[in-house]
Structures are given as C-alpha cells and as structure tokens.
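Engineer: sharing a sequence plus its predicted fold:
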Amino acid sequence: MIKDKIILTVLACLSIAFFINAHHAKRNILNGDSWGYYTYLTALFIHHDHGDYTKSVAATRKYYAEFPDQHSDVYGLYHLIPETNKELIKYTSGVAILLVPTFLMAHAYQHFMHLDADGYAPIYNLAAGIAVILWCFIGAYFLLRLLKKYFSKEVAWFTLISLIFGTNVLYNMLLVPVMSHALLFSLYSIFLYLVDSYYTSKSAKKMIWIGLVAGLITLIRLNELYTVLILLLWNIKNVRELKTRFHFLFSNFKHYFLAAAFALLPLLPQMYYWKKYAGHLIFNAYLGETFHFGSPQIWNGLTSFNNGWLIWTPIMLLALMGLFIKWKKDVALMATLIILPIHIYIIYSWHCWNYINGFGSRPMEHVYPLLALGLASFYTFVVLQKNKLIRYGILTLAYFLIFLNLFQVYQSNIGVLRSEFCTRAQYMASLFQTKFSHRIMIGRASNEWQPSKSTFLKTIKIFDFEEQGYWHRDSTLAHQSQYCFFDNSPHLFLDTFDVATDFDKANYIKISCMAYFKDDIAPKTAAYETPRIYIQFKDEAFNNLENDRGFYPFQFCNNPDFSFYHTGEPFHWGHAYFYLKNRKHAKYAILGIWNGAQDKWYMDDLKIEAFN
C-alpha cells in the first residue's frame, strides 16, 4: 500500500494546487452555506459570539462587503429564535469539527506573522479548502483498500479514479469545498472499510471507530441516520443470512451498544448548542424549509438538466448497471438495494430538490462509496469480455465520461457552465465550449435551441411605436424616428397571433428589439430580475400549452461576449433577439412583457419575423 499512498498523495497535492489557483477558491468560506458550516469555528475560537454573530459578520465583511443581512432572507444562514432571543446557525457543526486541525494551523500562522487573526483572512480560506481535499483523499485511501480486497488492483484503481475525477465529487472538493457532500463521501468510504473489517475481525475496537464515524455522518446531516442499515446489511445476500445476522447481533450486543454509545459522542456538543441557543436538545433549525414526502421530485432529481444526477454524472449509470452483475462477493448489494431507494426518496422530497449550485445532485455523493462496488463489478465484467470491440468500446466510453466531467468542472471554474437552473438547450449549447455564445445565453434564458442558419420568410409585425394610441410613448430616447416604448408596468400583453395564419409555414419565430435603460435603474444581480419579453402558446380554449418562452433584452446592452451573467449597462442601446420553434399544433400565441421589478425601461423597433 506504500505505492498507493504515494499516488494518492501526489493526486492530493495536484488538487490543492488547482484549488489555490481557482478563482472561485477566494471566497469559498465567505458566503452561502459554507459560511454557516465554518463560522462555528470563528465564533468559538476567535470572536466568542455564538448566539449573536455580530463580530463574525463584521469580520466577514472586511473581505466580502456584499455579505447579506441574514434576517432579510427566510432561508438565511442563521435565525433569531424567539424563545431564547439568540441567533442560531441553521447548520450542524460536523463540517466545522473536520476543519479544526487546519483552522488552528492557519490561526497560529496569523498570530506568528502578526497578521489579522480574524478567521476570514485568505489563509483561513486556504486552510478550509485544503482540509476538505485532504479528507477526500483519506477517504479515497480506505475505499481503495476495500475495493482491492474484492477486485483486482487495476479495477480498484480505475473505480476510484472514476469516482473522484468522473463525478461531482471533484467539483465539490475543489470549487465549493466547505460543504458537507465531499466530506460525507470521505466518511462513508471510511465507514464501509471499518464495517467490512469488523465482520472479518469481530474486534470491539473497530466498533468504537464505526460508532464515531457514524456519529459524525449523522451530525453532518441528520437524515443520514439510516447509515446504521449498512452495519446491519453488510455482506447479507438473502433472508436466511439476515436471520443469521440478527442472531450475531444479539450474541455480540455489547459491540453494537459500544458503537451506539460512541456514535452519540459527536452529537453531544450539538445538542448542548441547541439547548443553549434554541431551548431544545433536539431542534430543527431549517426554519421555513421542509420535506414534501407526498410529492417527491425523483424523476427530476435523477434526469433533469437542472442539476439532475445522471445528466451531470452519467458515469454513475455504469455503477447502477453493475448492481445487477454477479461478482464474487456481493458484500454491499443488499445494503445498496435497500439504502439507495431510501436515500433517493428522502433527498428528492426536500423542497429544494435541485439543491441549487452543486454541479449535479450533490447529496448523491454520499452513496458513491456504496455504488463503488457496483461500478467495480461493472468494470470487472467489461474486462472479462472476450469480444474486444465490446471491451474496448465500453472502456473508451468510461474514459470519455471521466474526460467530460473534468472538462465540465473546468467550464464551471471559468464560469461558462452552470448546472443550477440549467436547461437542455443551454447544456447542449455549452458542450465543449470555453466561451459564452448567443446560443448558450438564450438556451439558459428560454430553453430554446438557436439555429445556426435560417432563411427569412416574412415579417409578421413591427412595433415602431410611432402611431398614436401606443401607451407610454417616449420622445426623448427613441432609437430611430420620434418615439419609443417606455413603461414600468409589471405585466403587459402586446399582441395575439393566430398561429396557423400569422406564423403560416414558419419553423422558427424570431423576436427582436432595441432595448435601453438609464443609470437611475439599478443593474440587477441576475439578468432574470430584469424585464422579459416572451411568447405563450395557447390552445383553442386559450389554455397554456407549455411554459412561456422568452428572453431578457437588457442582457444584450453592451454584452458582446453574450455572458449570461451580464445584466446590461446603462446608456447603451442593445440589439436583442432570440428564435423559438413554431408550435404548429397551437392555435394562438400571446406576445407579452413581464417586468416584476417594475423597472422603467425603453424599447424600440420590436419585430416578429418568420424563418425556416
């Protein structure tokens, strides 16, 4: 295993080097969930402001002035608890516990160098990210040992490489590292190794470690309590063996009791924290957030382009296939077949089933160590194939999926690719691109594929706003002629079209206009808060046939690179346009404007054109 340790150490060092150079790494503890996980440490060791967090917030704003007021957000990182009149971090402290060693090293360095030892200086950020990377590779080491016990060395290594570099573990390890998911991947890897070792040695000492790791897993995410099922179901292949396991459990009850006792230890500080600042030993701090067990979004969670698991981590399809391939010891099969559906049901019952930023479905990383055995089983099956075309074809596919993941993590790092709220059209337009394009920007805004070539058929309608009768005309900023459109209404309908008559034989409809805003309209943090022009297709009874399709004209104001982060610059007329497929089965099409923020904005030369 010396050689394995050297290779893993080199990979860890390369990962740390990438993390240091990634521009996303500069802010990874200063906002979002990461701040909530991490601030247990600064509040305890530096600012002593648990229950208040005023000093921790002030220290954060030295480096990230935009850190928001958490009381203005219903899903804020901490909440005021009326019963105690204290502030409570909604996250548990498990992630913070794993960051303690590198945090203290960074803190000692700041003191020694007479620098700001405030907990949020760049060195602390660096230390937190390095901690997550090191934990991931510690977990990888134990997972590799487990895999090598049941599979060949080559299969074990290829499986491990697939999991780290071919899945979203890499993204959550390098680009948003101070989160729970990559750490849970590591802890589950260690846990499986310990459980397997226990049933080989029957050692009480192993049960102590099993309890501690299980306690940490549960502390990090309380719904992971079903971890205990792995201990019960490991190396069980049928009902008869399950009965034998229960007999073993009762005859070795002291061992299991020992594990339970040590599993409770990591939970005690959290229970003390809840009691002191919330008034209860057990407290749900995710106020206003809940599970919807009656309507889980399982299909979306697995297959949606909006962070769907198998869309963004397709190599795990091979792992699922491996579950149904016989291999020499089905040690994890029963546990996986029972725990995986439970896990999927629970995580996709959460109100925010797409989990926002995460390069795919980040909670699925927790079960990758279990699925690793299925993936190794699949690779073993492939290697043993006598047909070279099948063998090398599937292995080439696996290499391609690893490369795809690496490239998409790179795209995420440079900002060209975002998985949250992604659409099919955006995903397809982004494939292997390193720069923004009109096709990517419109794909994200409307989920409409933009044709590379088109043939003009006819102009359906032009709104030049010169004729009398148009509402809110303005004569001071017209792009051409005398008047332009000016309005701040939240919602307007501009026109209704008969699809069969007005759109006739067109395959595509093009909407274009000139858009403008002044400096007294504050640029938004997201383009999707700015005015939007859309078309809604209707049936004969005027019912909606699908979600409306539209675009955000301000994105085009001085945005030559078509960045979808761009929200427009004032004092620039921008030529805005997008194509959408003609829904020939529809009866009517409504052209409208949505302006939820009620901005005062200007538009001219709005055109509706037909193309093939």
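Structural biologist: Sure thing, it's come through.
Engineer: use CA for all of it now, contacts and neighbours both
Structural biologist: OK.
Engineer: could you spell out the sheet neighbours of the lowest-mean-pLDDT helix or strand in the chain, each with its direction?
Structural biologist: The helix or strand of the chain with the lowest confidence, counting by mean pLDDT, DSSP states H and E, is strand 473-474 at a mean of 84. The pairing partners recorded for strand 473-474 under DSSP bridges are strand 484-487 (antiparallel).
Engineer: what are the buried residues along the next helix or strand after the partner strand?
Structural biologist: Sequence-wise, the next helix or strand downstream of strand 484-487 (DSSP states H and E) is strand 491-498. Using 16 or more other Cα atoms under 10 Å as the test for burial, strand 491-498 gives Phe497.
Engineer: stretch 542-562 now?
Structural biologist: Those would be 544, 548-559, 562, for stretch 542-562 by 16+ other Cα under 10 Å.
Engineer: just to revisit the earlier point, hmm, who's touching the least confident helix or strand of the chain?
Structural biologist: Contacts to strand 473-474, defined as Cα atoms under 8 Å, 6 or more residues apart in numbering, come from residues 465, 483-486.
Engineer: rerun at 10 Å
Structural biologist: With contact meaning Cα atoms under 10 Å, 6 or more residues apart in numbering, strand 473-474 is reached by 465-467, 482-487, 602-603.
Engineer: any idea how far that strand is from the chain center?
Structural biologist: For strand 473-474, the separation from the chain centroid amounts to 44 Å (computed by Cα atoms, centre = their mean, to the nearest Å).
Engineer: next: stretch 462-470.
Structural biologist: Centroid displacement of stretch 462-470 relative to its chain, using Cα atoms, centre = their mean, is 45 Å.
Engineer: hang on, the earlier thing: tell me the one among the buried residues of stretch 542-562 nearest to Ala506.
Structural biologist: Among the buried residues of stretch 542-562, Arg549 lies closest to Ala506 (Cα to Cα), at 16.9 Å.
Engineer: verify the stated contact: the closest one with Trp449.
Structural biologist: No - applying Cα atoms under 10 Å, one finds Arg549 not in contact with Trp449, separated by 11.3 Å.
Engineer: now for those two: what residues contact both?
Structural biologist: What both Arg549 and Trp449 touch, as defined by Cα under 10 Å, 6+ apart, is the set 578-581.
Engineer: any idea how far Asn507 is from Cys513?
Structural biologist: Asn507 sits 20 Å away from Cys513, going by Cα to Cα, to the nearest Å.
Engineer: who has more neighbours out of the two?
Structural biologist: Counted by other Cα atoms under 10 Å, Asn507 and Cys513 do not tie: Cys513 has more neighbours, with 21 against 18.
Engineer: biggest helix in the chain by residues?
Structural biologist: Longest helix in the chain, counting residues (DSSP state H): helix 122-150.
Engineer: can you point out the buried residues in it?
Structural biologist: 122-148, 150.
Engineer: same deal with stretch 307-325?
Structural biologist: 307-316, 318-320, 322-323.
Engineer: show the average pLDDT along that stretch.
Structural biologist: Taken as a whole, stretch 307-325 has an average pLDDT of 95.
Engineer: that stretch: end-to-end distance?
Structural biologist: So stretch 307-325: terminal residues 28 Å apart, Cα to Cα.
Engineer: how about stretch 593-603?
Structural biologist: Stretch 593-603: ends 11 Å apart by Cα to Cα.
Engineer: ok, stretch 249-258 next?
Structural biologist: End-to-end for stretch 249-258, by Cα to Cα: 12 Å.
Engineer: can you check stretch 164-175 too?
Structural biologist: First residue to last in stretch 164-175 (Cα to Cα) measures 14 Å.
Engineer: let's have the chain start at 6 instead
Structural biologist: Renumbered: residue one is now 6, and that last one reads stretch 169-180.
Engineer: what does the average pLDDT come to for it?
Structural biologist: 95.
Engineer: any buried residues in it, and which?
Structural biologist: For stretch 169-180, a neighbour-count test (16+ other Cα under 10 Å) marks 169-180 as buried.
Engineer: one more: stretch 303-311?
Structural biologist: 303, 305-311.
Engineer: adding secondary structure and distance to Asp479, write the residues you listed out as TSV.
Structural biologist: Below are the buried residues of stretch 303-311 laid out as TSV (DSSP: H, G, I helix; E, B strand; the rest coil; distance: Cα to Cα, whole Å):
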residue	secondary structure	distance to Asp479
Ile303	helix	50
Asn305	helix	45
Gly306	helix	47
Leu307	helix	49
Thr308	helix	47
Ser309	coil	43
Phe310	coil	41
Asn311	coil	40
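Engineer: please report how far the closest residue in space to His477 that isn't next to it in sequence lies from Ala546.
Structural biologist: Distance criterion Cα to Cα, 6 or more residues apart in numbering; nearest residue to His477, sequence neighbours excluded, is Phe491 at 5.2 Å. Computed as Cα to Cα, the Phe491 to Ala546 distance reads 32 Å.
Engineer: excluding chain neighbours, what is closest to Trp454?
Structural biologist: Spatially, and ignoring its direct neighbours in sequence, Trp454 is nearest to Ala430 (5.2 Å; Cα to Cα, 6+ apart).
Engineer: isn't that neighbour up against Arg444?
Structural biologist: Yes - with contacts counted by Cα under 10 Å, Ala430 reaches Arg444, the gap being 8.2 Å.
Engineer: now the common contact residues for the two.
Structural biologist: Residues touching both Ala430 and Arg444 comprise 450, 452-455, with contact defined as Cα under 10 Å, 6+ apart.
Engineer: look at Met118 and say how many residues are nearby.
Structural biologist: Neighbourhood size, Met118 [other Cα under 10 Å]: 9.
Engineer: please apply the same query to Ile195.
Structural biologist: Ile195 is flanked by 24 other residues according to other Cα under 10 Å.
Engineer: sorry, back to before: Phe491 and Ala546 - which one has more neighbours?
Structural biologist: Phe491 (23 against 8).
Engineer: so after the host helix or strand of Trp304, what's the next helix or strand?
Structural biologist: Secondary structure assignment for Trp304, by DSSP H and E: helix 303-308. Using DSSP H and E, the helix or strand that follows helix 303-308 in sequence is helix 314-317.
Engineer: alpha carbons of that next one, as PDB, please.
Structural biologist: C-alpha atoms of helix 314-317 as PDB (Å, rounded to 0.1, in the frame of the first residue of the first chain):
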ATOM      1  CA  TRP A 314     -27.900  13.400 -11.000                       C
ATOM      2  CA  LEU A 315     -27.500  11.200 -14.100                       C
ATOM      3  CA  ILE A 316     -27.300  14.100 -16.500                       C
ATOM      4  CA  TRP A 317     -24.400  15.700 -14.800                       C
END
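Engineer: and the contacts of the helix or strand following that helix?
Structural biologist: Going down the chain from helix 314-317, the next helix or strand is helix 321-327, by DSSP H and E. Identification of contacts with helix 321-327 by Cα under 10 Å, 6+ apart yields 164, 167-168, 171-172, 314-316, 338, 373, 375-386, 399, 403, 406.
Engineer: and the residues you listed, which are buried?
Structural biologist: 164, 167-168, 171-172, 314-316, 338, 373, 375-385, 399, 403, 406.
Engineer: burial count for His252?
Structural biologist: 12.
Engineer: contacting residues for it?
Structural biologist: 246, 258.
Engineer: what of Thr318?
Structural biologist: By Cα under 10 Å, 6+ apart, Thr318 lies in contact with 168, 171-174, 307, 312, 364-366, 369, 406-407, 409-410.
Engineer: one step back: neighbours of the residue nearest to Trp454, just the number please.
Structural biologist: Residues contacting Ala430 under the criterion other Cα under 10 Å number 21.
Engineer: report all helices and strands that whichever strand or helix holds it contacts.
Structural biologist: Secondary structure assignment for Ala430, by DSSP H and E: helix 429-435. Counting contacts by 3 or more Cα pairs under 10 Å, 6 or more residues apart in numbering; DSSP states H and E, helix 429-435 is packed against helix 314-317, helix 443-451.
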